[in-house]
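J.: 3D model of this:
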Amino acid sequence: MTGDEQAVTSRRRVLAAAALAPVLAGAGPASAGGMPEGAMVKPVTTTLSHWAAVAKVLGRSGSLLRGTTYHTPYPRDDLHVVVEGNIVITPELALGAHVAFVRYADGSTMCMGDVAVTEKELQRVVDAWQANGIALTALHKHLPAQRPDVWWVHVHGHGQDELALARALRAGFDRTGIPPATPSGPPSPVALDIAGIEAALGAKGSSDGVVYKVVFARRETIHDGHLVLPSGLGATSAFIFQPLGKGRAALSGDCVMLAEEVQSVLGALRRGGIQLVELHNHHLTESPRLFFTHFWAVGDAVELAKALRPAVDATNVVPTTS
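T.: Down below sits the predicted model:
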């Protein structure tokens, strides 16, 4: 190779590295592959009072899950979404948005979330988050044949200034039609055979008065780069039942899987008559690598739960109440 050729090759490598730099900077913590366990940073316990300033920036209050995760919901009460032509979806079934904050032993804060946006909102919301340093880690749909079209955007941020993260997230939320938070009353029983669902799934769930939800968390410790994720954050299977009357329900949710579990889960869902909607990742740098499948079905709620059980049994998960 001549001197000129070497110079050209060197310049190309420099330009390639420069082009990748913004992507890597917005991708969250670097991969933890090969990093010794001692280098991992664990979450710390907090209280609701620790997050008061974040709540003020976000414009709504949240709740503390398992002592480490500050969770704030953004239900899309403003949307009227119909699936398969005649099933009206409640925000609690599949039109939720949420963000979660976690503090770490090194003084940093991580935020991540899953936000439902309309197709008309999507590009301007993405632009706002990218302009404010919030990384996008997934973009997909949760529902089949819906009108209007709704997309789900997974977001991630990490830094020393939790209020800057909150302001960055707020910049995107302000470009949506998400309405202000409204107080909710105590939950009412949902018109479903709860005992039958729980027996079929081998786990207890919870009701908010609109839907019934059963959640399973991965047993493994999940790392996002050098950060240890709290149990149940970004690594859960959720099965949500919306009553349709006479024991029937619309079923939506997702299963979290390792690569070697994916085909077993997809096969189990299809054998149970459950529609597959998406297969994708929610993270960029997690270990072990996680895959998620979103699904949809309509039918007798207990029979749907029975159809889900083989998919649960094919994954290394444990029931959780949060």
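J.: hmm, L65 is touching H71, no?
T.: Yes. Between L65 and H71 a contact is recorded at 5.3 Å, counting by C-beta atoms under 8 Å. Any C-beta I mention is one placed from the backbone N, CA and C, and that applies to glycine too.
J.: need the residues touching each of the two.
T.: Both L65 and H71 are contacted by A100, under the criterion C-beta atoms under 8 Å, 6 or more residues apart in numbering.
J.: neighbours of the residue nearest to V57 when sequence neighbours are not counted, just the number please.
T.: In space, and not counting its chain neighbours, V57 is closest to A166: 3.9 Å by C-beta to C-beta, 6 or more residues apart in numbering. Neighbour count for A166, taken as other C-beta atoms under 10 Å: 24.
J.: now do the helix or strand harbouring A166: which elements does it pack against?
T.: Here A166 sits within helix 162-173, counting by DSSP states H and E. Packing partners of helix 162-173 (3 or more C-beta pairs under 8 Å, 6 or more residues apart in numbering; DSSP states H and E): helix 52-58, strand 98-103, strand 109-118, helix 119-131, strand 150-159.
J.: of all the residues in it, which ones are buried?
T.: Going by neighbour count (16 or more other C-beta atoms under 10 Å), the buried part of helix 162-173 is 162, 165-166, 168-173.
J.: off-centre distance for stretch 232-243?
T.: 9 Å (C-alpha atoms, centre = their mean, to the nearest Å).
J.: no, scratch that, I was asking about stretch 286-298
T.: Between the centre of stretch 286-298 and the centre of its chain there are 10 Å (C-alpha atoms, centre = their mean).
J.: could I get the contacting residues of the closest residue to A138 other than its chain neighbours?
T.: For A138, ignoring the flanking residues on the chain, the nearest one in space by C-beta to C-beta, 6+ apart is H154 at 3.8 Å. H154 makes contact with 112-115, 136-139, 282-283, according to C-beta under 8 Å, 6+ apart.
J.: what's the burial count for R124?
T.: R124 has 12 neighbouring residues, counting by other C-beta under 10 Å.
J.: so it makes contact with D174?
T.: No. Using C-beta under 8 Å, R124 is not in contact with D174, being 10.2 Å away.
J.: which stretches of the stretch 101-250 of the chain have low pLDDT?
T.: The stretch 101-250 of the chain contains residues with pLDDT under 70 at 185.
J.: contacts for the helix or strand hosting A311, please.
T.: Using DSSP H and E, A311 sits within helix 301-313. For helix 301-313, the surrounding residues in contact (C-beta under 8 Å, 6+ apart) are 192-193, 196-197, 200-202, 212, 214, 216, 237, 239, 241, 243, 247-249, 251, 255, 265, 268-269, 271-274, 297.
J.: in ChimeraX, select just the buried ones from those.
T.: Buried subset of those, written as a ChimeraX selection, criterion 16+ other C-beta under 10 Å:
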select :192,193,196,197,200,201,212,214,216,237,239,241,243,248,249,251,255,265,268,269,272,274,297
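J.: give the buried residues for stretch 125-137.
T.: Applying 16+ other C-beta under 10 Å to stretch 125-137 flags 125-126, 128-129, 132, 134-137 as buried.
J.: then stretch 273-287?
T.: Neighbour count says stretch 273-287 has 274-275, 277-279, 282-287 buried, by 16+ other C-beta under 10 Å.
J.: where do the helices sit along the protein?
T.: Under the criterion DSSP state H, helices of the chain are mapped to 3-25, 52-58, 91-94, 119-131, 162-173, 194-201, 262-271, 301-313.
J.: out of those, nearest to S184?
T.: Nearest to S184, of all those, is helix 91-94, at 10.3 Å by C-beta to C-beta.
J.: average pLDDT for that closest one?
T.: Helix 91-94 carries an average pLDDT of 93.
J.: and it, what's buried?
T.: Within helix 91-94, the residues that count as buried by 16+ other C-beta under 10 Å are 91-94.
J.: CA atoms of stretch 190-206 as PDB?
T.: In PDB, the C-alpha atoms belonging to stretch 190-206 read as follows (Å, rounded to 0.1, in the frame of the first residue of the first chain):
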ATOM      1  CA  VAL A 190     -63.500  -6.500  37.200                       C
ATOM      2  CA  ALA A 191     -66.200  -8.700  35.700                       C
ATOM      3  CA  LEU A 192     -63.900 -11.700  35.100                       C
ATOM      4  CA  ASP A 193     -63.300 -15.100  36.700                       C
ATOM      5  CA  ILE A 194     -60.300 -13.900  38.600                       C
ATOM      6  CA  ALA A 195     -59.900 -17.200  40.500                       C
ATOM      7  CA  GLY A 196     -59.900 -19.100  37.200                       C
ATOM      8  CA  ILE A 197     -57.300 -16.900  35.600                       C
ATOM      9  CA  GLU A 198     -55.100 -17.100  38.600                       C
ATOM     10  CA  ALA A 199     -55.400 -20.900  38.800                       C
ATOM     11  CA  ALA A 200     -54.600 -21.200  35.100                       C
ATOM     12  CA  LEU A 201     -51.500 -19.000  35.300                       C
ATOM     13  CA  GLY A 202     -50.300 -20.200  38.700                       C
ATOM     14  CA  ALA A 203     -50.000 -16.600  40.000                       C
ATOM     15  CA  LYS A 204     -52.000 -13.800  41.500                       C
ATOM     16  CA  GLY A 205     -52.500 -10.500  39.700                       C
ATOM     17  CA  SER A 206     -54.000  -7.100  40.400                       C
END
